[in-house]
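> take a look and give me a structure for this.
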Amino acid sequence: MSRLNEATLAALPPAIVRPAYDRTKTRIGIVHIGAGAFHRAHQAVHIDDLLADDPDWAICGVSLRSADVRDALGPQDGLYTLALLGGNLSLRVIGAIRELLCAREEPQAVLARLADPAVRLVTLTITEKGYCLSGDALDLAHPDIAHDVASPQAPASAIGYVVAGLALRRAADIAPYTVLSCDNLADNGGRLRRAALQYAQAFDPDLARWIETEVAFPRSMVDSITPATDDALRERVAAQLGCADAWPVQREPYTQWVIEDHFCNARPAFERAGATISDDIAGYDHAKLRLLNAPHSALAYLGSLMGIETVADAMRQPALAGFVERLMRADIAPTLDAPRGFDPDAYTDAILARFRNPDIRHLLSQIAWDGSQKLPVRILGTIADALVAGRPIDRLCLPVAAWMRFVRRQARNGVALVDPLADTLSALDRTTAGDASAAVAAFLALDAMFAPMSGDERFVAALRDAYMALGDATPGAVSRALAAAGGTADV
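Predicted structure coming up:
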């Protein structure tokens, strides 16, 4: 079978969407570090939407260590297929990536591209681990950071490359680029800025001062479920294209990109491609945590107790789907200090549609990981706000109680918990068996999760009632608790 590339692009079937611009007339204006599946399914697609009107924003994709993306897409002239998973599979060929580099093998090419005056934006999707942080600060003892401080002209880390490129531009009197983190990391731009300044300060205080005054690090928020590429996707894509694509990507149709309007150089017209430009990234993050992540956790624990495997399966249970929708509209949305222009009802509608997407196989067991870390920011903050406002918290307590029942069930069945507090949580079942009040009290003694709310009698009583309402936590008992909590589809 032939390979997807510029030569085969024109021969693709008419149903395949392809770049709506002449790729030869585009110019690289963005360097993206971490050109994995999420970037290629998300940010690169937004840029692809803009290149017909503004050809100066094509992308150079940089992988720090692995050459896999370069080697897969290089023979394809950077082209790859995006598969949208929503009913019928729809395919689109993305042409926004014009160059692919592996920093480990081509460090000078990466530095030269960062120093190119045409590059005015550097973006990153490197996961939290890639920022080499310790708490909220840069980990100067991290092997890559220690190496880069000693040899800043030959960096190994993403921070090292970002700062090395800025140093080259400063030395050549070239305007700096904006550095935009696209990772789901709280205050991502602020943390990246502080890390870059701390790193530069370690070997060149003058450079650090220049970065502090001249370089912008806007915050952002991104959202779209992007399952990993597998051979089944490659086969489906090849069957429709009539040629092979070594590394297609797939995601749900929904995508969100909120960007702080804080740039030190020119920027693409992101808003024309569906992104939101806002000065309240924290507000959008807050809304996502409460209206998306909290219901996800509710589905994970309640659905797992009911023997359900995936989010889409859970949403096919009327009592559970109705409960989650009522939770979102009646209990969570009123606690939001919504950003300007944000519509909680429309956002809720979109989330519920995403949850129901049968083509996204999102496992409840995976969402259930790390509950002791997730619940405080996803649900307990909403409960605290509701208590201050004098609003009911009964429904909000049911997912928390379901987590407690889930923890005890896993321990009783000898199933390992994926949680930083796994040993402590597993031990709770042995000390509180058969006594609901004692079980709730034991969980509330976890100060890292529940203090100071554990001293609020209203919360303790509502949580104990929710725990008892779940009975023996069998599917039937959970269904009855959902029905009693108003789990109907008509909200």
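
> from here on, contacts and neighbour counts on C-alpha atoms
Noted.

> show me where the stretch 301-450 of the chain dips below the pLDDT cut-off.
Per-residue confidence of the stretch 301-450 of the chain (counting by pLDDT under 70) places the weak regions at 431-434.

> helices of that one, start to end?
Secondary structure of the stretch 301-450 of the chain, counting by DSSP state H, counting those that start in this stretch: helices at 311-314, 318-326, 344-356, 364-367, 371-375, 381-389, 394-412, 422-432, 436-444, 447-450.

> just give the nearest non-adjacent residue to Cys397, would you?
Leu463 (5.4 Å; Cα to Cα, 6 or more residues apart in numbering).

> pretty sure the one you found contacts Leu398?
Yes - using Cα atoms under 8 Å, Leu463 and Leu398 qualify as a contacting pair, with a distance of 7.2 Å.

> now the angle from the helix or strand encompassing Arg458 to helix 436-444?
In this structure, Arg458 is located in helix 457-469 according to DSSP states H and E. The directions of helix 457-469 and helix 436-444 differ by 120 degrees, with axes from the mean of the first three to the mean of the last three Cα atoms, to 10 degrees as the criterion.

> for the helix or strand just after helix 457-469, buried residues please.
Sequence-wise, the next helix or strand downstream of helix 457-469 (DSSP H and E) is helix 475-484. Buried residues in helix 475-484, counting neighbours by 16 or more other Cα atoms under 10 Å, are found at Pro475, Ala477, Val478, Ser479, Arg480, Ala481, Leu482, Ala483.

> next: stretch 438-446.
With burial defined by 16+ other Cα under 10 Å, the residues of stretch 438-446 counted as buried are Ala439, Val440, Ala441, Phe443, Leu444.

> my read: the first one touches Leu425, true?
No - Ala439 lies out of contact with Leu425 (Cα under 8 Å); the separation is 11.0 Å.

> which stretches in the stretch 51-200 of the chain count as helices?
Residue ranges of the helices in the stretch 51-200 of the chain, as given by DSSP H, counting those that start in this stretch, are 68-73, 107-115, 143-150, 158-171, 188-201.

> same list (these) but as CSV, adding mean pLDDT, mean neighbour count and distance to Leu470.
Rendered in CSV, the data for the helices of the stretch 51-200 of the chain read as follows (pLDDT from 0 to 100; neighbours: other Cα atoms under 10 Å; distance: least, Cα to Cα, whole Å):
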stretch, mean pLDDT, mean neighbour count, distance to Leu470
helix 68-73, 98, 18, 48
helix 107-115, 98, 19, 57
helix 143-150, 98, 18, 49
helix 158-171, 98, 21, 48
helix 188-201, 98, 21, 39
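
> make a markdown table from those and add distance to Thr123 to it.
Output for these, formatted as a markdown table (distance: least, Cα to Cα, whole Å):
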| stretch | distance to Thr123 |
| --- | --- |
| helix 68-73 | 17 |
| helix 107-115 | 11 |
| helix 143-150 | 19 |
| helix 158-171 | 10 |
| helix 188-201 | 11 |
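
> between those, which gets nearest to Asp456?
helix 188-201 (33.5 Å; Cα to Cα).

> and after that closest one, which helix or strand comes next?
Remark: after helix 188-201, the chain's next helix or strand is helix 205-214, criterion DSSP H and E.

> run the chain-centre distance for the helix or strand just after that next one.
Read in the C-terminal direction, the helix or strand following helix 205-214 is strand 220-223, with elements assigned using DSSP H and E. For strand 220-223, the distance from its own C-alpha centre to the chain's C-alpha centre is 7 Å (Cα atoms, centre = their mean, to the nearest Å).

> other residues contacting strand 220-223?
180-184, 188-189, 255-260, 281, 284-285 (Cα atoms under 8 Å, 6 or more residues apart in numbering).

> likewise stretch 178-188?
Counting contacts by Cα under 8 Å, 6+ apart, the residues touching stretch 178-188 from outside are 120-128, 162, 189, 192, 215-222, 263-265, 282, 285.

> what about it, how long is it end to end?
For stretch 178-188, the first-to-last residue distance is 14 Å (Cα to Cα, to the nearest Å).

> buried stuff in it?
Thr178, Val179, Leu180, Ser181, Cys182, Asp183, Asn184, Leu185, Ala186, Asp187, Asn188.

> which of the contacts of strand 220-223 sit farthest apart?
Spanning the widest gap among these are Gly189 and Thr255, at 20.1 Å by Cα to Cα.

> so which bits of stretch 72-79 are buried?
Per 16+ other Cα under 10 Å, stretch 72-79 contains these buried residues: Ala72, Leu73, Gly74, Gln76, Asp77, Gly78, Leu79.

> who's in contact with the closest residue to the fifth one other than its chain neighbours?
Read it as Asp77. Closest residue to Asp77 in three dimensions, ignoring its sequence neighbours and counting by Cα to Cα, 6+ apart: Asn5, at 5.6 Å. Residues in contact with Asn5 (Cα under 8 Å, 6+ apart) are Pro75, Gln76, Asp77, Gly78, Leu79.

> which one of those residues sits closest to Gly135?
Comparing these against Gly135 with Cα to Cα places Gly78 closest, at 36.7 Å.

> that closest one against Leu101, yeah?
No - the pair Gly78 and Leu101 fails to qualify as a contact (Cα under 8 Å) at a distance of 10.9 Å.

> report the angle between the helix holding Arg458 and helix 394-412.
Taking the same axes, to 10 degrees, one finds helix 457-469 and helix 394-412 inclined to each other by 60 degrees.

> just checking, what packs against helix 457-469?
With contacts defined as 3 or more Cα pairs under 8 Å, 6 or more residues apart in numbering; DSSP states H and E, the secondary structure elements packing on helix 457-469 are helix 394-412, helix 436-444.
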